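1. Provide a 3D model corresponding to the input given below.
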Amino acid sequence: MPMPYGSRGGMAFSADELRVLRRALAHALQTTSLSASLGALGAELTEDIQEYLRLAAAVDEAVREGGRLRAFLLADLARYRETLPGSAAGYLDRLREALAAGYVPGPDDLAALRTLNAHRTAPAERDRRTALLHHCERLAEHSVRARLRALPGGRTAGTSPVLA
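-> Predicted structure coming up:
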């Protein structure tokens, strides 16, 4: 479900919601263009088509901007990871932001978190780091299992495993 985002009243859509919106726009445009040529359409319907096209262009731009933002976020995360342990606070903040944006932690992130957990910290900080490490391990494991199921001959989500 779209959520209010920021102080400007914009809306934040998930990637799945954007795909649905794109398909709906494509269907609306295709249905309209099949029913009559643009010249034969009334002014109101022609205006609707122009609005659909503007909305489709805006959705495409939002997707591109999301990709640019994601690339920046991941590059920033990598920069902080490379300067560990001195940048631990910044790295952990960037990692949390990336996870909230749908990032799946990789082996470098897991190794960095394990290394950070080996350093002495206050008990509360150690607990936060440990919880983040466990969360990242679960996400990474889930991602690996999903990729294995997607391989030809892999199990589908509905089948039960033979071995526990």
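2. contacts, neighbours, all on C-alpha from now
-> OK.
3. now the longest helix along the chain, how far from the centre of its chain.
-> Determined from DSSP state H, the single longest helix within the chain is helix 43-82. Distance, stretch centre to chain centre, for helix 43-82: 13 Å (CA atoms, centre = their mean, to the nearest Å).
4. contact partners of whichever helix or strand comes after it?
-> Using DSSP states H and E, the next helix or strand after helix 43-82 towards the C-terminus is helix 88-100. Helix 88-100 is contacted by residues 70, 73-74, 76-77, 80-81, 84, 105, 116 when judged by CA atoms under 8 Å, 6 or more residues apart in numbering.
5. Distance of Thr46 relative to Thr31?
-> 13 Å (CA to CA, to the nearest Å).
6. quick one, which of these two is more surrounded?
-> Thr46 (16 against 11; other CA atoms under 10 Å).
7. related to what we said a few turns ago, among the contacts of helix 88-100, pick out the one closest to Leu139, please.
-> Distance to Leu139 across the contacts of helix 88-100 (CA to CA) is lowest for Pro105, with 7.1 Å.
8. Determine how far the strand or helix carrying Leu21 lies from the middle of the whole chain.
-> Per DSSP H and E, Leu21 falls inside helix 15-35. Put simply, helix 15-35 sits 22 Å off its chain's centre (CA atoms, centre = their mean).
9. before we move on, what about stretch 105-121?
-> Between the centre of stretch 105-121 and the centre of its host chain there is 23 Å, according to CA atoms, centre = their mean.
10. For that stretch, give me every contacting residue.
-> 81, 84-85, 88, 99, 126, 129-130, 133, 136-137, 139-140.
11. Buried residues, the helix holding Leu21. List them.
-> Along helix 15-35, these residues count as buried under the neighbour rule (16 or more other CA atoms under 10 Å): 18, 21-22, 25, 29, 32.
12. As CSV, those with pLDDT would be great.
-> Shown next, in CSV, are these (pLDDT from 0 to 100):
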residue, pLDDT
Leu18, 77
Leu21, 82
Arg22, 80
Leu25, 79
Leu29, 74
Thr32, 63
